[in-house]
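**Q** Sequence plus predicted model, see below.
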Amino acid sequence: MKGVRKHPGEPTAGGDLRPVPARSAPRLARGLHPVAWWIWGLALAVAVSRTTNPLLLALVPAVLGAVVSERRSDAPWARGFRYYLWLALTVVALRVLFRCVFTGADAPGDHVLLTLPHVPLPRWYSGVRVGGPVALEAVLSAAVDGLRLACLLCCVGAAGTLANPKRALRVLPGALYELGVAVTVAMSVAPQLVESVQRVARARRLRPDPATGPRAVRAILVPVLEDALERSLRLAAAMDARGYGRAGTATRRDRRTTAALMLLGMLGLCTGAYGLLDASAPPAFGLPALLAGSLLCCAGLALGGRRVRRTAYRPDPWRAPEWSVALGGCLCAGVLVAAARQDPAALNPGLYPLAWPPLPWLPAAAILLAGAAAFAAPPPVRTVPSPGSEAVATRVSGEKAPGDKGSSDTASGGKAPSSEVPADRAPTHGKSPRKAPAALDPAPVSKPAALASPAPATPEDPT
Amino acid sequence: MIRFDQVSVRYADAAAPVLRDVDLHIEEGELCLVVGRTGVGKSTLLGAVNGLVPHFTGGTLAGRVTVDGRDTAHHPPRELADVVGVVGQDPAAGFVTDTVEEELAYTMEQLAIPADVMRKRVEETLDLLGLADLRHRPLAGLSGGQQQRVAIGSVLTAHPRVLVLDEPTSALDPTAAEEVLATVTRLVHDLGVTVLLAEHRLERVVQYADRIVHLTGDGGVTSGDPATVFRTADVAPPVVDLGRLAGWDPLPLSVRDARRAARPLRERLAGQPVPPARPERPPTGSGGGPLLSARGVVVRHGQTVAVREANLDLYAGEVTALMGRNGSGKSSLLWALHGAGPRQAGTVRVAPRTEDAPGAAQQAARRGLFGGRRNRGPRGAVALVPQTPADLLHLETVAAELAQADRESGTAAGHARGILDRLAPGIEGATHPRDLSEGRRLALVLAVQLAAAPSVVLLDEPTRGLDYPAKQALTGIVNALAAQGRTVVISTHDVEFAAAAADRVAVMAEGEIVADGPTAQIIVSSPAFAPQPAKILAPLAFLTVDQVKRALAQLAGAR
């Protein structure tokens, strides 16, 4: 109050504004732009597709795992990486298993591991052999092939885990806006449908003698579908009233040009992808076709975007971290593509003769460099401190001095205040697995009571 | 601001137009209340304002509707989104995104408002509607009142000149309704927004209205000053009914004005005995014992305790109103009493009916252990009509539903039809249940549920969406059920309805029954729950206008 009375609005330090050195405050938590994560993931996938060196391949899941565990948020989709890992393992195992069962022609110097009983097949099916000697070389080549496929899966899985899918939908170009809306609406309608089914199934039990069998299905399905239809009509009316689909500036000719551009662009993209992924394809199919295709697509999307006119609320910024993550991924892809051309023997070592593969240092360094995304990206917004990040969290809170309120205020004005959500969610949802024993606790007590109650509940004794 | 010029609306295969030659002019900054019986075209009138009628609903609109100078014939709803904000009956059905903040921004995104302006407006709207604490919450987890405020906020961010609200408080408890209406009046007074509002629960909103648009039912519209229009309107809140009865002029619209005008009436009625609000109860049939007796009922949903050791006895011929704010456990208690819902502890005993075979109870108990029918009394002894009665209906025609009900409850064909004809005569058998009005659909479900001759009838919020005449009809139905020696429990937020229909009121809070006693005692003593006539005539204990009418008739007769 005193300061205000003295002279309101006057800066205390006269005229000169001295920069106050920021105390080593932790970086603000925010989600990285989803597109940056996708570029990073897909670039790594391109890199993986260039090599069959098991050492390099083994490096990739390690790097992905490190980045994912360091930079994923605690949203539902962010817990999906382990399923991709399981899927990848299954792919490798299946690949090896099939190679063992369906043994191919073996070279003279193969090291035979074991011999399975041979199953004779009809003559016209002679291309395939079931059973017989299983060679170490065959198993190894299957494992490496499987590993490459597994690494591709993990790259896509890591991008899906790290990028917020709802935000990713929002950066869709205007031309694809309807698609994004359809997905968003579908995501919110699914739980409503479940709730509707539960409600109707419960209401059905109110009839004195509820129908069973196919009639029961009908009795649930008809009200649920009617409900869903009514709801979607109301949603459509509400969206219409709120300006969804307002006319942009596109004309009929624009629309046709858009379609043509998109078709050609897609064609180019497909050819380009084929050329890039298959090293034996003519070089003109690769990068040039891809570039031409993406240019055409971009033009088509830009033109198509004129159909709708809208803006995005709180758009994700694209700043230095985004650049470094995306460029790190691209650099890695570039190095491996170049290396595959320069030194094919190191990136695709042969199995004859059987030897420990070499570790080419430049590609390995490039893959590790892509792993630097774990530090280049800002820390994710976490509503509940995950067990892994507890050390980080305590360190962060330890660093924050009591006078450091300004920075924490801006943090809460930013993306999602980390303390607010759990506080009001906690009482309604049994939030963490740690609570589970407490939730289970009353069950043994209440169960006998529930079992005991029906007997007196039925009117055995007339009152 | 809004101008209707000779507007007629006719839907395909309708016999008569819904609106006929409507001329209407609504000034800027008015709070305009649209009243009328169910099905007279209130929603059509509201929909015509932003072009949803006929662009979205179909039908033919003759004449011209202009909003802020824009003709709805040339502007579909989406092109009017920056002028008219519309909030539908069920706000949750109109949500496109899934968190509060994104929902507030949605309309602005569609209008291509720059990101920095959007950010500022979202913050302003969060404060204006008191939603700041909820900004990151998922929409599905909000209470009804909060959802309604978010829905209003989500159209307000576009800074519309006109706000159209279709029954904003019909599903809300009195407190949440107050919240929403306070918001709406604030918008009118502080921001000068023109508000067009349709509502059944007139007693909540009439006092705030600057103008009443009354749909007469034949397609016509009368509009004017509230005190003038309500002299003749076919729907009116109790305060207006009382004013008309007493011949007050000008007609008071708020309890405060009515109380001032009511002094002579209070003096006249002072020494008069208060006639009973409800018909005398018939002598109880089954020896005076309760038909249903619940002891220590506990219902838990996950961690939350919905009903906490509730005790309740229901007697023959008695109508009980179950009141309390949203989420206080009314529905859970009713479902637990019926037996179809979960019940973790406690007992519910149902007295056997005369027509039950002596062995029926034991049989039910045995099937309970092995047949998955635990918790249930003898077949159909307790009937429950859920909050969304349509969930029980799945056949194409009314006749098929009734026949099905007869089969299920093992009664002779035509039994359920007979019940329906007594409840709501004149429903065609070939009608699709979805095409019935809210009140008639309720009657159909009641008939289906009553076919098994239950002794206990539980109604979960039957009054939402019903207008005054429909509520009166429901009161009649409930009286008839009670007169047959059944006991009826009605969960409701509607104090005026409870005052006229219930002998007894039980109030729930946090899963416990906190008050239980005769209607007059419970609701007159509470300032929030007292019906309008009680507030106006206090300290006299009149609950309904009907009581006042009878007391005046007695006075006249005595003279």
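**A** Received it, and whenever you're ready, just let me know what you need.
**Q** What parts of the stretch 451-559 of chain B come near chain A?
**A** B:Ala451, B:Ala452 (C-beta under 8 Å from any C-beta of the partner chain). C-beta: built from backbone N, CA, C; applies to glycine.
**Q** mind showing which ranges of the stretch 201-350 of chain B have poor pLDDT?
**A** B:281-288 (pLDDT under 70).
**Q** ok, B:Gly243 touching B:Arg259?
**A** No. Using C-beta atoms under 8 Å, B:Gly243 makes no contact with B:Arg259, being 11.4 Å away.
**Q** Comparing the two, which residue is more hemmed in?
**A** B:Gly243 (26 against 16; other C-beta atoms under 10 Å in any protein chain shown).
**Q** So what's the predicted local confidence for A:Val134?
**A** If you check A:Val134, the pLDDT there is 85.
**Q** confidence score at A:Ala166?
**A** In this structure residue A:166 is Lys, not Ala. 78.
**Q** my bad, should have said A:Gly406
**A** The model's pLDDT for A:Gly406 equals 38.
**Q** what's the answer for the one 5 residues further on, then?
**A** With respect to pLDDT, A:Ala411 scores 37.
**Q** May I have the secondary structure class of B:Ala321?
**A** strand (DSSP: H, G, I helix; E, B strand; the rest coil).
**Q** So it sits against B:Arg504, correct?
**A** Yes. Using C-beta under 8 Å, B:Ala321 is in contact with B:Arg504, at 7.2 Å.
**Q** list residues touching both of the two?
**A** Residues touching both B:Ala321 and B:Arg504 (C-beta atoms under 8 Å, 6 or more residues apart in numbering or on different chains) are B:Thr519.
**Q** Among the two, which residue is more densely surrounded?
**A** Comparing B:Ala321 with B:Arg504 by other C-beta under 10 Å, the one with more neighbours is B:Ala321, at 26 against 20.
**Q** give me the beta-bridge partners of that one?
**A** Bridge pairing for B:Ala321 (DSSP bridges) gives the partners B:Ile490, B:Val505.
**Q** got a list of what it touches?
**A** B:Val489, B:Ile490, B:Ser491, B:Thr492, B:Phe497, B:Ala498, B:Ala501, B:Ala502, B:Arg504, B:Val505, B:Ala506, B:Thr519.
**Q** what residues does the helix or strand hosting the fifth one touch?
**A** Applying DSSP states H and E as the criterion places B:Phe497 in helix B:495-501. Contact partners of helix B:495-501, identified using C-beta under 8 Å, 6+ apart, comprise B:174, B:203, B:237-238, B:277-278, B:319, B:321, B:323, B:463, B:471-472, B:474-475, B:478-479, B:490, B:492, B:505, B:519, B:523, B:529-534, B:543-544, B:546.
**Q** which residue is nearest the centroid of the chain?
**A** All of this is about chain A. A:Gly160 (1.1 Å; C-alpha atoms, centre = their mean).
**Q** ah, I was thinking of chain B
**A** Geometric centre of chain B, nearest residue: B:Arg464, 2.0 Å, by C-alpha atoms, centre = their mean.
**Q** any idea of the pLDDT on that one?
**A** pLDDT, read off for B:Arg464, is 79.
**Q** Next, it: secondary structure please.
**A** What three-state DSSP gives for B:Arg464 is coil.
**Q** Tell me which residues touch it, please.
**A** B:Ser170, B:Ala171, B:Gln387.
**Q** among the residues you listed, who's most crowded?
**A** Most neighbours among these, by other C-beta under 10 Å: B:Ala171, with 22 neighbours.
**Q** need the contact list for it.
**A** B:Ala171 sits in contact with B:Asp90, B:Gly144, B:Arg464, where contact means C-beta under 8 Å, 6+ apart.
**Q** again, but for B:Trp248
**A** Contacts for B:Trp248 (C-beta under 8 Å, 6+ apart) come out as B:Ala258, B:Ala261, B:Ala262.
**Q** now with 6 Å?
**A** Going by C-beta atoms under 6 Å, 6 or more residues apart in numbering or on different chains, B:Trp248 touches B:Ala261.
**Q** how much space between it and A:Tyr125?
**A** 100 Å (C-beta to C-beta, to the nearest Å).
**Q** Please identify which helix or strand holds B:Ala399.
**A** Going by DSSP H and E, B:Ala399 is in helix B:398-409.
**Q** what element comes up after that helix heading to the C-terminus?
**A** helix B:415-423.
**Q** So stretch A:247-264, near chain B or not?
**A** No. Using C-beta under 6 Å from any C-beta of the partner chain, stretch A:247-264 stays clear of chain B, coming no nearer than 7.3 Å.
**Q** mind checking how far that stretch is from the chain centre?
**A** 31 Å (C-alpha atoms, centre = their mean, to the nearest Å).
**Q** next one: stretch A:70-85
**A** 7 Å.
**Q** Return the mean pLDDT over that stretch, rounded to an integer.
**A** 86.
**Q** Okay, strands next: where are they in the stretch 401-550 of chain B?
**A** B:456-460, B:487-491, B:504-509, B:512-518 (DSSP state E, counting those that start in this stretch).
**Q** now the angle from the longest one to strand B:319-323?
**A** When you say that, I think you mean strand B:512-518. 140 degrees (axes from the mean of the first three to the mean of the last three C-alpha atoms, to 10 degrees).
**Q** Please enumerate residues in contact with strand B:512-518?
**A** B:Arg308, B:Ala310, B:Arg504, B:Ala506, B:Val507, B:Ile522.
**Q** Looking at those, state which has the most neighbours.
**A** B:Ala310 (24 neighbours).
**Q** That residue touches B:Arg295, doesn't it?
**A** No. Judged on C-beta atoms under 6 Å, B:Ala310 makes no contact with B:Arg295 at a distance of 8.8 Å.
**Q** tell me the contacts of the closest residue to A:Ala143 other than its chain neighbours?
**A** Closest residue to A:Ala143 apart from its sequence neighbours, by C-beta to C-beta, 6 or more residues apart in numbering or on different chains: A:Val96 at 5.4 Å. Contact analysis of A:Val96 by C-beta under 6 Å, 6+ apart lists A:Val139, A:Ala142, A:Ala143.
**Q** What count of nearby residues applies to the residue of the stretch 251-400 of chain A found nearest chain B?
**A** In the stretch 251-400 of chain A, the residue that lies nearest chain B is A:Tyr313 (3.5 Å; C-beta to the nearest C-beta). A:Tyr313 has 20 neighbouring residues, counting by other C-beta under 10 Å.
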